[in-house]
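J.: Provided below are the primary sequence and the corresponding predicted coordinates.
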Amino acid sequence: MNRLTRFASIYFLLAGITVLIAGSCSSTKRMIKEPLKEQGAEYLFENLKQNELKYNYFSARFSAGFRQNKNSNSFSGQIRIQKDSLIWISISPALGIEMARVLISNDSVKYMNRIENTYFVSDFNYINSLINSTLDFDMLQAFLTGNDFSFYENSSFKASIDNREYKLVTTERRKLKKYLRHNQNISIPLQNIWLNPDNFKITRVLVKEVNQSGRKLEGRYEYQMTEGQLVPSHLNFQLETAENKNAVEIEVDYSKVNTGETLQFPFRIPEKYSRVNKF
């Protein structure tokens with residue numbers, strides 16, 4: 001597997017990491033003829049939570065495009081999620097032969113390279129060092145499903161109206177103590193959430209640091225009705241840092257989304273595979 005393809009797979013796993021989309025979320029937006037009414041942060045956040053994607057298991061097929069500088073690549077595969085527990089991803093090139101398989105839990109990231117007969121086991125610290133970002137399982141799960149973070153405190157949001165959408169802003173949103181790993185004090189320096197005023201689904205989320213590193217992670221979403229719920233159909237992500245203004249971009253399309261089926265997460269490393277220390 002070439003270096004570009006390998007990094008494309010890494011970036012998709014970690015939610016993107018991402019794409020700046022110029023278009024609008026036409027499938028879930030409306031033409032608003034009357035001004036939006038001001039609403040309090042508590043009201044908006046309550047409706048956001050009520051209208052989030054409800055699932056114990058989530059599965060979908062995906063196609064994705066990866067771009068950085070003048071390099072680009074495309075790949076496809078399957079994704080499965082057991083809520084708050086596991087994320088399983090199978091990645092395939094255009095011919096449909098599995099190239100890599102990934103299993104992510106709260107504590108570990110396991111990567112199996114079918115082409116080179118190797119495997120890798122680490123945690124989010126290694127992955128974040130590659131992409132120069134700060135993610136955990138909860139954030140990754142949220143970015144992949146269009147939901148808000150589950151295990152971070154919900155206080156201190158401020159509400160406003162921005163370009164015919166509702167907007168929630170918070171600073172220093174901290175991870176709940178019972179979900180901290182290794183006694184780390186984890187917080188999100190600045191988070192912006194834009195909500196569709198019709199259905200309170202997240203159309204855009206932006207997480208960024210306000211220091212010199214200036215890291216920015218942004219996701220944008222379109223939805224379609226499946227099994228009585230609005231589920232993500234088109235996802236766009238962008239990762240940008242102060243050092244590298246040429247953002248890493250990923251555009252993802254989901255199809256055959258299922259939220260009602262109990263899933264398996266097969267990940268057996270063959271004995272002949274060799275363990276490697278890095279991707």
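T.: Thanks, I have it.
J.: tally of neighbours for Lys278?
T.: Each residue near Lys278 was counted by other CB atoms under 10 Å, and the total is 8. Where C-beta positions appear, they are placed from N, C-alpha and C, glycine not excepted.
J.: Now do the SS call for it.
T.: With DSSP: H, G, I helix; E, B strand; the rest coil as the basis, Lys278 sits in coil.
J.: again, but for Tyr43
T.: helix.
J.: Same check on Leu130?
T.: Per three-state DSSP, Leu130 ends up helix.
J.: same deal with the one 10 residues further on?
T.: Assigned with three-state DSSP, Leu140 falls in the helix class.
J.: could you pull out the strands for this structure?
T.: 57-68, 71-82, 86-92, 100-104, 109-113, 118-122, 158-162, 165-174, 187-195, 202-208, 216-226, 229-240, 248-258, 274-275 (DSSP state E).
J.: Could you dump those strands into TSV with mean pLDDT added?
T.: Shown next, in TSV, are the strands of the chain (pLDDT from 0 to 100):
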stretch	mean pLDDT
strand 57-68	94
strand 71-82	93
strand 86-92	95
strand 100-104	95
strand 109-113	95
strand 118-122	95
strand 158-162	96
strand 165-174	94
strand 187-195	92
strand 202-208	95
strand 216-226	95
strand 229-240	94
strand 248-258	94
strand 274-275	96
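J.: With mean neighbour count and distance to Leu36 as added columns, please give those in a markdown table.
T.: Shown next, in a markdown table, are the strands of the chain (neighbours: other CB atoms under 10 Å; distance: least, CB to CB, whole Å):
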| stretch | mean neighbour count | distance to Leu36 |
| --- | --- | --- |
| strand 57-68 | 20 | 31 |
| strand 71-82 | 18 | 33 |
| strand 86-92 | 21 | 35 |
| strand 100-104 | 22 | 38 |
| strand 109-113 | 21 | 41 |
| strand 118-122 | 17 | 45 |
| strand 158-162 | 14 | 5 |
| strand 165-174 | 17 | 7 |
| strand 187-195 | 18 | 10 |
| strand 202-208 | 21 | 14 |
| strand 216-226 | 21 | 19 |
| strand 229-240 | 22 | 20 |
| strand 248-258 | 20 | 29 |
| strand 274-275 | 9 | 54 |
